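*Asks:* what follows is a predicted structure for the sequence shown.
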Amino acid sequence: VMRVEGKEFAELFHQYMVEGGGERILAPRPGVLGVVPVRGSLKPELMKTMEPHLDIDAHLQRHERFLVMDCVCKKEMEALGKDDSRYPLKRCGFLGLPATIPLGEHVLSREEADQLLRKLEKMGHVSNAAYGFQVGAESPQYVGGCNCDRYACGIFNNHYPSQPSNYRSVIDPQKCNFCGVCIDRCPVDAIAADENDKAKVERAKCIGCGVCVIGCNDEAIELVPVSKEEWFHTPSSMEEWEEMRLRNLAAEKNISGQ
């Protein structure tokens with residue numbers, strides 16, 4: 001059996017994902033990962049409309065210990081010699097653990113987990129939640145996910161799709177002073193200058209992460225809900241989620257003639 005590791009393994013995995021593997025895993029809807037509006041980006045009245053599996057604050061209150069793992073995308077870029085990320089390695093997971101698990105480098109207390117998340121949010125990370133159920137839960141809950149940057153992350157760097165949130169950024173041209181911060185922070189290049197030298201969102205590209213909202217000192221940007229037709233309603237069970245993916249995959253094959 002041939003053993004492949006290090007840079008060679010990273011090159012093979014990168015090739016697999018770029019040449020269709022990433023799309024086949026992440027493209028079918030509902031997505032494996034879903035974009036979470038960054039905390040503080042939604043107006044209080046809209047917080048009630050957020051799908052339950054995207055509620056990070058509720059997740060933090062349910063547990064006392066959290067497993068935080070190294071970002072596999074960043075490690076891949078490091079192995080390839082392409083990592084120009086300014087962001088930390090330890091940043092993904094945030095999986096809830098029993099209170100009896102001892103604290104350590106990758107096991108954080110609630111306060112430590114919250115502080116790290118706030119640091120990542122301020123730096124411009126996008127939280128991509130893993131859809132899932134807690135044992136005994138009657139509805140979907142946030143169980144953890146990836147915290148992605150636009151430099152090292154496979155989802156953004158290689159254009160692997162994730163499930164957008166149910167919101168999109170809108171910029172008020174009257175308040176915008178065109179400082180350029182939102183353009184720099186947007187992980188999917190959805191914001192650019194318009195003909196009046198104001199920042200404008202290209203809605204089709206926007207994933208509703210809210211990273212631009214919390215970075216705008218002029219409070220010129222807000223997240224607004226998508227239409228009823230576009231709204232993604234969380235499946236009520238893992239079985240329903242799997243059935244939806246299978247139906248959508250079958251529909252895609254019929255359309256493409258495969």
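*Replies:* Arrived safely, thanks for sending.
*Asks:* can you tell me the SS state at the closest residue in space to residue 33 that isn't next to it in sequence?
*Replies:* Nearest residue to residue 33 in three dimensions, chain neighbours excluded: residue 128, at 3.9 Å (C-beta to C-beta, 6 or more residues apart in numbering). C-betas here are computed from N, CA, C, even on glycine. Of the three states, residue 128 takes strand according to DSSP: H, G, I helix; E, B strand; the rest coil.
*Asks:* so where is the protein shaky, pLDDT-wise?
*Replies:* Applying pLDDT under 70 to the chain picks out residues 1-5, 132-138, 157-161, 252-258.
*Asks:* mind running it again at 50?
*Replies:* 1-2 (pLDDT under 50).
*Asks:* could you pull out the helices in it for me?
*Replies:* Under the criterion DSSP state H, the chain carries helices at the ranges 6-16, 22-26, 44-47, 56-62, 72-80, 110-123, 154-157, 181-185, 211-215, 238-256.
*Asks:* rebuild the ones you listed as TSV, extending it with mean neighbour count.
*Replies:* Output for those, formatted as TSV (neighbours: other C-beta atoms under 10 Å):
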stretch	mean neighbour count
helix 6-16	13
helix 22-26	15
helix 44-47	10
helix 56-62	16
helix 72-80	18
helix 110-123	16
helix 154-157	21
helix 181-185	18
helix 211-215	23
helix 238-256	12
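*Asks:* distance to residue 164 for these - can I get that in a markdown table?
*Replies:* Listed next are those as a markdown table, based on distance: least, C-beta to C-beta, whole Å:
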| stretch | distance to residue 164 |
| --- | --- |
| helix 6-16 | 24 |
| helix 22-26 | 12 |
| helix 44-47 | 16 |
| helix 56-62 | 17 |
| helix 72-80 | 19 |
| helix 110-123 | 18 |
| helix 154-157 | 12 |
| helix 181-185 | 17 |
| helix 211-215 | 13 |
| helix 238-256 | 15 |
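*Asks:* nearest to residue 140, of those?
*Replies:* Among the helices of the chain, helix 238-256 comes nearest to residue 140, with 8.4 Å by C-beta to C-beta.
*Asks:* off-centre distance for the closest one?
*Replies:* Between the centre of helix 238-256 and the centre of its chain there are 22 Å (C-alpha atoms, centre = their mean, to the nearest Å).
*Asks:* next: stretch 94-102.
*Replies:* Relative to the chain's own centre, stretch 94-102 is displaced by 23 Å; criterion: C-alpha atoms, centre = their mean.
*Asks:* would you work out how far apart the start and end of it are?
*Replies:* For stretch 94-102, the separation between the terminal residues is 15 Å (C-alpha to C-alpha, to the nearest Å).
*Asks:* what comes up buried for it?
*Replies:* For stretch 94-102, the neighbour count (16 or more other C-beta atoms under 10 Å) marks 94, 95, 96 as buried.
*Asks:* mind listing the residues bridging to the last one?
*Replies:* Note on residue 96: beta-bridge partners residue 66, judged by DSSP bridges.
*Asks:* state the distance from it to residue 66.
*Replies:* 6 Å (C-beta to C-beta, to the nearest Å).
*Asks:* picking up where we left off before, out of the helices of the chain, flag the one nearest residue 141.
*Replies:* Ranking these by proximity to residue 141 (C-beta to C-beta) places helix 56-62 first, at 6.8 Å.
*Asks:* centre of the chain to that closest one, how far?
*Replies:* Worked out by C-alpha atoms, centre = their mean, helix 56-62 lies 17 Å from the chain centre.
*Asks:* equivalent analysis for stretch 121-132, please.
*Replies:* On the basis of C-alpha atoms, centre = their mean, stretch 121-132 sits 4 Å off its chain's mean C-alpha point.
*Asks:* export it to PDB, keeping only CA atoms.
*Replies:* Below are the C-alpha coordinates for stretch 121-132, written out as PDB (Å, rounded to 0.1, in the frame of the first residue of the first chain):
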ATOM      1  CA  GLU A 121     -15.400  37.700  14.300                       C
ATOM      2  CA  LYS A 122     -13.500  41.000  14.600                       C
ATOM      3  CA  MET A 123     -10.800  39.700  12.300                       C
ATOM      4  CA  GLY A 124     -13.400  39.000   9.600                       C
ATOM      5  CA  HIS A 125     -13.900  35.200   9.900                       C
ATOM      6  CA  VAL A 126     -17.100  33.700   8.600                       C
ATOM      7  CA  SER A 127     -18.700  31.000  10.700                       C
ATOM      8  CA  ASN A 128     -20.000  28.100   8.700                       C
ATOM      9  CA  ALA A 129     -22.200  25.900  10.900                       C
ATOM     10  CA  ALA A 130     -22.400  22.200  10.600                       C
ATOM     11  CA  TYR A 131     -26.100  21.100  10.400                       C
ATOM     12  CA  GLY A 132     -26.900  18.600  13.200                       C
END
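*Asks:* if anything else comes up later, I'll come back, but that's it for now.
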